[in-house]
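Enquirer: sequence unknown, structure follows:
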């Protein structure tokens, strides 16, 4: 059997575009002699469609999209993910088997994740049957994402009871650092337990805060990786399998299963159907992107290193947010610091230098060093650059507020004002020129509230909001090392002590613990939900931990008004972490 | 049996405070000779605790709080809501029966809502048993919120199979306009079907975007309302019931039930226990608020009219957001328009005039009329008032941006700049003086994006963000009518055509349909999830509908960065409505 895994990048809500793209890939797969091609979970709607699923007309339009795809499935079999409305207002997260221009079987996802970034029990009804379809080349089970993640599930039942020799799992599995390794281990385990081949197709692309990284994979019944798609790129992974090598057989696990098994026979004459796909042209523009690059078992790409992986995730997140929301250009405020320098690098690598604009907005507190570093990174990257000093505007604010501020010492009010002048200037450029403002705050700052609402937090997409400060340095070094010369980020940017430069001689580390310490506390408290006592017991200073946790808790209100950004850790400040603003719990 | 329903206002995460408050109410109930007192759902943690529930130490602290409450339950029986960690990492949304200083029974909520604002399947494992406890006065079933909302559920089973004569349901049921009527109809139905008394305790208070409105209620087996607590106020509702009047009896519905029934006997000697509650003092400050006002069957308060109800909901939302987040004062930008005037009225009624500050920030486009109206409303309300003209700062921005803006016509960039200068001025006052900024945008504006990010959207709490513009007028008229004189909002504010005054002769209705039309479209599209075709078929102009839906869709990115505000409709722009920003679906 020639199996193809189509790791494509759909856009949420762009049904016409997604359908056109699928139809184009079907033609490509047919030309490659593919017998069975699988597309990602909910590929017709894009993933996650969230509350679009509450609209009846959206579900009807998805069904129409599926019917349109089905007509183009000629001469091969396809598995496609789609939300499917059923009787009694039920909705399935479905994998649909298409052959001979028709829908041949529907499978509803059994396990609906409702944790972390997932809300699938809000939208879907769980399936109650396992699906096995018989092709001329062998017996194939189909399931969806979460269904395959745990032992003794639909996968084993399809193979050990239903006799499937190949399990096709269609997924949209959100990326975080290290997720690829978790997936491979899990898939090997499942293949071994089931005695079957596993073909796992994972979609691609950025969708608001999520990035899907592809890396579709085929595993043998012995748990060996036979082929792997690239990470962060669209691809068609094509492998030839002899399903007779599978170890599963009907009746081995004769115990009655947890689910009913539905078996569907698809004869070769059905698959051939009409020789030609319908002449009808797809309406969308999803096929503009041309043929998919093809990867076979012989040319699976090398795995990326950890830092490279994060860097590429951030680039894909930016590229897709910009493209899918129909922006062309972005603007970045360059402070001379490492966060904004890194953000500019990512933007350039995602979009090209001609679409990135740098603006430096010096204040009375900006040093000569930061001003020249800001200009240097723009020059090194070859991006547009302009300077808008904020002093005149800042002074106008202070004059206007003179009566209100009289008799009070300068404090964070004046500091925030300067940050907000900068935010306004960037937004003015955005409004006038149509540029998307990229914000430059990192996860450490977002955690403790070292960011000004409507100031440096003003913008449409927060590129590194899930990147801890210590990892910012790793990424900057990584990016510089890609260049044969010295790299875009200057040494002085790399080595200068971090400062917001909003008052004289300000320095982050005056009021924060060293970033190594801070990031470890954030990781323990935010990502692992550890308590103050546990973090102290692990060796951190109690007073420091108390202060940091207090800052994290009290700044929830700021994060609630932050722009979305790319999730690269197991728990980001986004839909992963839903804490009340009004919350007196400390600990 | 003397039954008491304690509709109190807990604070999320303030375990010590909530426990202290419960203990104080227990003492009050004992003094009133109460046999059984019921507290709201999750009263120990506050509701909804959201991802606090993912912290093991939070669950342990809740359990400690429960144990502390239990020791104070002497001489009566109490039902208390608490999140309860169990074996295998399970978590129950529990109703716990306390008597004789001890935990006597635990019930886990069976039906976990996971729609609209609810995410309970993210946190809780469903219960699998129905609980009936036998008191000297009769047999009582306990369940939690959603459990009672549908026929043929735990309620009927407890009565028709388990023989319960009284059903105590503990709830935190979020308010929206008309919800009270829905609850009463539902509870009457449930009482009739079960042949039992129903005592329904609903908590109170504002929690971020949610408001809980109390209105606890006791219904007779014949479906008559015996007593009702006030709406939007804490209260202890006390009624005497003769449970022998119930119509239910063990074995009537002899069919095997869906759930196991657990029966617990609580003898009178257990209830009496030690004569005295423990001397141990509660640590929290939740009992500062003193005794609860007591309402009996004889003095149930009258129902509020619709507009009054919404007005009181908004006041409670503001009062609790300010109090629970430890603010004292608020500041409102007064434009001379009706939205900001109404917001100021609500703030004054919620907090008192001395804690509300009005600021007018006229631009070159502000008319004499709006400036004097802004001052008039401040004067009428007796709040502080200051004027900060924005022209100097606006001019400084234009000077700074002269090169970037050269050769381009004035457009929304200049308009937004002015709105952002105002936002910055309010935030400067907030930062310098510790005042919470209340934003003044209404739901109609939030829907179509007639609001400036970081401008008029800058602030901590968006009081009327779920109030459609047409209802803004109703509320303003209502508030004015409360005053014996002419009311705080001037006639000219009431009758002036709405305008942002960000350019010469600007008027909302130049680019929007009349607000009656707009609000009807928003209601259909946002609240009822109707399609473009359905809205057009119901009689709206196609071009208008297309334009409005497009505006609603495209402005999701703004709403994502908006401050929380009080939810008063069945679907607000908040956790109710989770649409992707990146979304090409139109229809």
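Expert: Sure thing, it's come through. Only a predicted model underlies this, so the values are computations on that prediction, with no experimental measurement involved.

Enquirer: Let's test this: what are the backbone torsions at the residue at minimal distance from the centre of chain A?
Expert: Nearest residue to the geometric centre of chain A (C-alpha atoms, centre = their mean): residue A:211, 1.0 Å. In terms of degrees, to the nearest 10, the main-chain angles of residue A:211 are phi -120, psi 140.

Enquirer: Do I have it right that it meets residue A:564?
Expert: No - using C-beta atoms under 8 Å, residue A:211 makes no contact with residue A:564, being 11.5 Å away. C-beta: built from backbone N, CA, C; applies to glycine.

Enquirer: count of residues packed around the residue of the stretch 451-587 of chain A found nearest chain B?
Expert: Residue nearest to chain B within the stretch 451-587 of chain A: residue A:585 (3.0 Å; C-beta to the nearest C-beta). By the criterion of other C-beta atoms under 10 Å in any protein chain shown, residue A:585 has 21 neighbours.

Enquirer: Could you do residue A:457 as well?
Expert: Residue A:457, neighbours per other C-beta under 10 Å, totals 25.

Enquirer: Could you look up the SS state of it?
Expert: For residue A:457, the assignment made with DSSP: H, G, I helix; E, B strand; the rest coil gives coil.

Enquirer: okay, it: pLDDT?
Expert: Here, the pLDDT recorded for residue A:457 equals 97.

Enquirer: what's the burial count for the closest residue to it other than its chain neighbours?
Expert: Distance criterion C-beta to C-beta, 6 or more residues apart in numbering or on different chains; nearest residue to residue A:457, sequence neighbours excluded, is residue A:451 at 5.1 Å. Per other C-beta under 10 Å, the neighbour tally for residue A:451 reads 24.

Enquirer: what residues does the stretch 401-550 of chain A put near chain B?
Expert: Residues of the stretch 401-550 of chain A lying close to chain B (C-beta under 8 Å from any C-beta of the partner chain) are A:401, A:403-405, A:408, A:411-413, A:416-417, A:420-421, A:423-425, A:427-429, A:431-433, A:453-454, A:458, A:460, A:529, A:531, A:533-534.

Enquirer: So the residue of the stretch 451-587 of chain A closest to chain B is in contact with residue B:15, correct?
Expert: Yes - the pair residue A:585 / residue B:15 is scored as a contact, 7.0 Å apart, by C-beta under 8 Å.

Enquirer: list residues touching both of the two?
Expert: Common neighbours of residue A:585 and residue B:15, using C-beta atoms under 8 Å, 6 or more residues apart in numbering or on different chains, are residue B:61.

Enquirer: Please name the residues that touch residue A:307.
Expert: Taking C-beta under 8 Å, 6+ apart, one finds A:471, A:474-475, A:477-478 in contact with residue A:307.

Enquirer: Tell me the most packed of these, by neighbour count.
Expert: residue A:471 (24 neighbours).

Enquirer: Please look at that residue and residue A:310 and confirm they touch.
Expert: Yes - judged on C-beta under 8 Å, residue A:471 makes contact with residue A:310 at a distance of 6.9 Å.

Enquirer: Excluding chain neighbours, give the residue nearest to the one residue in the stretch 51-200 of chain A that gets nearest to chain B in space.
Expert: Here the stretch 51-200 of chain A gets closest to chain B at one residue, residue A:57, 3.7 Å apart by C-beta to the nearest C-beta. Spatial nearest neighbour of residue A:57, excluding adjacent residues (C-beta to C-beta, 6+ apart): residue B:531 at 3.7 Å.

Enquirer: How about the contacts made by that neighbour?
Expert: A:55-57, B:587 are the contacts of residue B:531 under C-beta under 8 Å, 6+ apart.

Enquirer: what's the closest of those to residue B:258?
Expert: residue A:56 (30.0 Å; C-beta to C-beta).

Enquirer: quick one: the closest one and residue A:89, what's the gap?
Expert: Note on residue A:56: its distance to residue A:89, by C-beta to C-beta, to the nearest Å, is 9 Å.

Enquirer: okay, the two: which has more neighbours?
Expert: More crowded of residue A:56 and residue A:89, by other C-beta under 10 Å: residue A:56, with 15 against 9.

Enquirer: re earlier: next step: the contacts of residue B:531 restricted to helices.
Expert: Among the contacts of residue B:531, the residues falling in helices (DSSP state H) are A:56-57.

Enquirer: Report the two of the contacts of residue B:531 separated the most.
Expert: A:56 and B:587 (11.0 Å).

Enquirer: which other residues reach stretch A:540-548?
Expert: Contacts of stretch A:540-548 (C-beta under 8 Å, 6+ apart): A:448, A:513, A:517-518, A:520-522, A:525, A:532, A:535-536.

Enquirer: Just give me the longest helix of chain A.
Expert: helix A:412-433.

Enquirer: any idea of the mean pLDDT in that one?
Expert: Helix A:412-433 comes out at a mean pLDDT of 97.

Enquirer: again with stretch A:351-369
Expert: 94.

Enquirer: near chain B at all, that stretch?
Expert: No - using C-beta under 8 Å from any C-beta, stretch A:351-369 never reaches chain B; the gap is at least 8.8 Å.

Enquirer: can you give me the end-to-end distance of that stretch?
Expert: 28 Å (C-alpha to C-alpha, to the nearest Å).

Enquirer: What secondary structure category should be reported for residue A:199?
Expert: strand.

Enquirer: What residues sit buried inside the least confident helix or strand in chain A by mean pLDDT?
Expert: Confidence across the helices and strands of chain A bottoms out at helix A:508-511, with a mean of 77, counting by mean pLDDT, DSSP states H and E. Using 16 or more other C-beta atoms under 10 Å in any protein chain shown as the burial criterion, the residues of helix A:508-511 that qualify are residue A:508.

Enquirer: Enumerate the positions of the next helix or strand after it that are buried.
Expert: Under the assignment DSSP states H and E, the closest C-terminal helix or strand after helix A:508-511 is helix A:515-522. Neighbour-count burial for helix A:515-522 flags A:515, A:517-522 (criterion: 16+ other C-beta under 10 Å).

Enquirer: cool, stretch A:66-82 as well?
Expert: A:66, A:68-70, A:72-82.

Enquirer: ok, residue A:477 - contacts?
Expert: A:307, A:494.

Enquirer: which element is it on?
Expert: Assigned by DSSP H and E, residue A:477 falls in helix A:469-482.

Enquirer: returning to what we had before: in a markdown table: the contacts of stretch A:540-548, plus distance to residue A:110 and pLDDT.
Expert: Formatted as a markdown table, these follow (distance: C-beta to C-beta, whole Å; pLDDT from 0 to 100):
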| residue | distance to residue A:110 | pLDDT |
| --- | --- | --- |
| A:448 | 41 | 97 |
| A:513 | 46 | 93 |
| A:517 | 44 | 96 |
| A:518 | 42 | 97 |
| A:520 | 39 | 97 |
| A:521 | 39 | 97 |
| A:522 | 36 | 97 |
| A:525 | 34 | 97 |
| A:532 | 39 | 97 |
| A:535 | 38 | 97 |
| A:536 | 42 | 97 |
